[in-house]
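Student: Fold the following and give me the result.
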Amino acid sequence: TIYTQSSLEKRLRMFANIFDLKKMGALLGTITSDPESEHQRHYQVIKKVVESNGKQENERHGMLPGKKLDVPTIHKAMSEGHFSLNINNVQHWWGSVTNLSRSLQQETMCGYVSCNLYLTPPATIEERIKSGFEAHYDWMDVIVLQIEGRKVWSVASEPTTYLPNPDQNRYVNADQL
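Tutor: This next block holds a predicted model:
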């Protein structure tokens, strides 16, 4: 496919109004009040934990316990505990993300497109927490749209595993990226 400047601009505008962080409270309220939604399954309040044995640093993730969390608990964990928020399948909860998901599904002829949201509060210079997740690779194709803020993305120049499956261990040391 050949894209002209105007078609590229149109495609970029498609992403302009996908999600408004000012409406995050409404989304969280909807998800946490849904009797079917569960923490650790539909959404996670999570953070990267770095442990050092003097020779090597190991990364793992920590998660708040419990199957249901209320919005004040999530806000406190993010603002005071340096946790990140991950919401899986946002297309089920947010209309503009639903539209994007359907468009990508049609354009790629893929049987299913899901959209996840990751929200990590800003870190201070003194903090070692720079991301919500430990170094890993995904088993599926991923398109990342950074909507707001700054982040340093580490992307491997060569995959550590070609065509991984969902059951494989996907965690790597940061130096492997």
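Student: so what secondary structure elements neighbour the helix or strand that contains residue 85?
Tutor: Using DSSP states H and E, residue 85 falls within strand 84-87. Judged by 3 or more CB pairs under 8 Å, 6 or more residues apart in numbering; DSSP states H and E, strand 84-87 is in contact with helix 24-33, strand 43-52, helix 71-80, strand 117-119. C-beta: built from backbone N, CA, C; applies to glycine.
Student: That strand pairs with which strands?
Tutor: Applying DSSP bridges, strand 84-87 is found paired with strand 43-52 (antiparallel), strand 117-119 (antiparallel).
Student: For it, give the mean pLDDT please.
Tutor: For strand 84-87, mean pLDDT is 90.
Student: give the contact list for the nearest residue to residue 116 once chain neighbours are set aside.
Tutor: Nearest residue to residue 116 in three dimensions, chain neighbours excluded: residue 88, at 5.2 Å (CB to CB, 6 or more residues apart in numbering). Residue 88 is in contact with 41, 42, 43, 44, 114, 116, counting by CB atoms under 8 Å, 6 or more residues apart in numbering.
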